[in-house]
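[1] Below is the sequence, then the predicted model.
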Amino acid sequence: MPLPVSIVRIKKKWKAKAVGLLRKLDVIRTKLVSRSTIKTKKLPSGLRIELDIAKRVQYIQWKKNIYEPHIFHFAKRILCAGDTAIDLGAHVGYWTLEFAAHVGAKGNVIAVEPAPDNYRQLLRNIELNSLKNVHAFQAGISDRQGRAQLILNLKNEGGHWIGEQLATGEQSVDIDITTLDALVEKTRIGSCKLIKIDTEGHEIHVLQGMTTVLSSDALRPQHLIIEVSLQQPARRREVSEILGKYGYIHYPLRYPLSDTSLPVTEGGYDMYFRHKSVLTT
């Protein structure tokens, strides 16, 4: 004998409630598990950073006393109170925070990060330190303005890249892209001491979109640090050739500053370029 309609409706109602409750519990469980992997660390500068140690790069930043010491010691000596630094590919803010500490309240740091999860954590770390001298933007820096596809590196949250086609199993998100020239005009900065570029293979496009900055005596950065793999010698040469047209020379990334230029096939993943107008004595 079939069940009365009223009983059927009650069963459906409670089933829907049970499904909804299970979904809410799953969301809470995910948040609790995620939150348990968040650790707060004091940086060498004294600022604090929240890192998700379940993620590759953040785990390394958590474990190491000083992450990428060659950049740390260089930036500490190059950046002074009142300077402006630009962090392209800011990730969750490790270098953004360090730069902010060096330039002080009268200085400025522009931090740009396209990946949604990384950007949210970047904002959290800026807020954690109550920094008023950091201006964060969620975008990819390229040679044009518009939209693009950010392909997600599921094994390395610091390895997302701007691409056009997805391979099997890859995931992506649509992002805004802009040029550094447009961003600098928007922020109205008057000068720049250091630009760090970590854009996972998009460096040439970044440089092609900052020709006004590179050509300007006022805006031109004295120092550029650009991550380019040693396994990509052709790309390293192209980066050097582009910057060479604007008066930049490739040097070892160290302090005191070296006056001996370096072949593009040497010097580690982080290429360092200094403008010829910068005095080293």
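    That came through, no problem.
[2] Domain ranges for this structure, per the record?
    Domains of the chain are assigned by automatic domain parsing as 1-36, 67-275.
[3] now the strands for the stretch 51-200 of the chain?
    Listed in chain order, the strands of the stretch 51-200 of the chain (DSSP state E, counting those that start in this stretch) span 84-88, 108-112, 134-137, 140-141, 146-152, 161-163, 171-178, 194-197.
[4] Out of those, flag the one nearest residue 272.
    When the strands of the stretch 51-200 of the chain are ranked by distance to residue 272, counting by CB to CB, first place goes to strand 194-197 at 10.2 Å. C-beta coordinates here come from the backbone N, C-alpha and C atoms, glycine included.
[5] Okay, buried residues for that closest one please.
    Buried residues in strand 194-197, counting neighbours by 16 or more other CB atoms under 10 Å, are found at 194-197.
[6] Quickly name whichever of these is closest to residue 58.
    Distances from residue 58 to the buried residues of strand 194-197, taken by CB to CB, are shortest for residue 196, at 17.7 Å.
[7] isn't the closest one right up against residue 94?
    No - in this structure residue 196 lies outside contact range of residue 94 using CB atoms under 8 Å: 10.8 Å.
[8] quick revisit: make JSON lines out of the strands of the stretch 51-200 of the chain and add mean pLDDT.
    Output for the strands of the stretch 51-200 of the chain, formatted as JSON lines (pLDDT from 0 to 100):
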{"stretch": "strand 84-88", "mean pLDDT": "99"}
{"stretch": "strand 108-112", "mean pLDDT": "99"}
{"stretch": "strand 134-137", "mean pLDDT": "98"}
{"stretch": "strand 140-141", "mean pLDDT": "98"}
{"stretch": "strand 146-152", "mean pLDDT": "96"}
{"stretch": "strand 161-163", "mean pLDDT": "93"}
{"stretch": "strand 171-178", "mean pLDDT": "96"}
{"stretch": "strand 194-197", "mean pLDDT": "99"}
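[9] how about those strands, which one is nearest residue 261?
    That would be, of these and by CB to CB, strand 194-197, which comes in at 19.1 Å.
[10] What lies in contact with whatever helix or strand comes next after that closest one?
    Sequence-wise, the next helix or strand downstream of strand 194-197 (DSSP states H and E) is helix 203-208. Helix 203-208 is contacted from outside by 88, 141-143, 162, 180, 197, 199, 214, 226-228, 235, 238-239, 242-243, using CB atoms under 8 Å, 6 or more residues apart in numbering.
[11] Just the buried ones from the residues you listed?
    88, 141-143, 162, 180, 197, 199, 214, 226-228, 238-239, 242-243.
[12] List just the nearest of those residues to residue 65.
    Checking these against residue 65 by CB to CB gives residue 227 as the nearest, at 21.3 Å.
[13] residues in contact with that closest one?
    Neighbouring residues of residue 227 by CB under 8 Å, 6+ apart: 89, 197-199, 203, 269-271.
[14] Mind listing what's buried along stretch 130-144?
    For stretch 130-144, burial by neighbour count (16+ other CB under 10 Å) applies to 131, 133-143.
[15] on that earlier part again, the contacts of helix 203-208 in helices, which ones?
    In this view, those that belong to helices under DSSP state H are 180, 214, 235, 238-239, 242-243.
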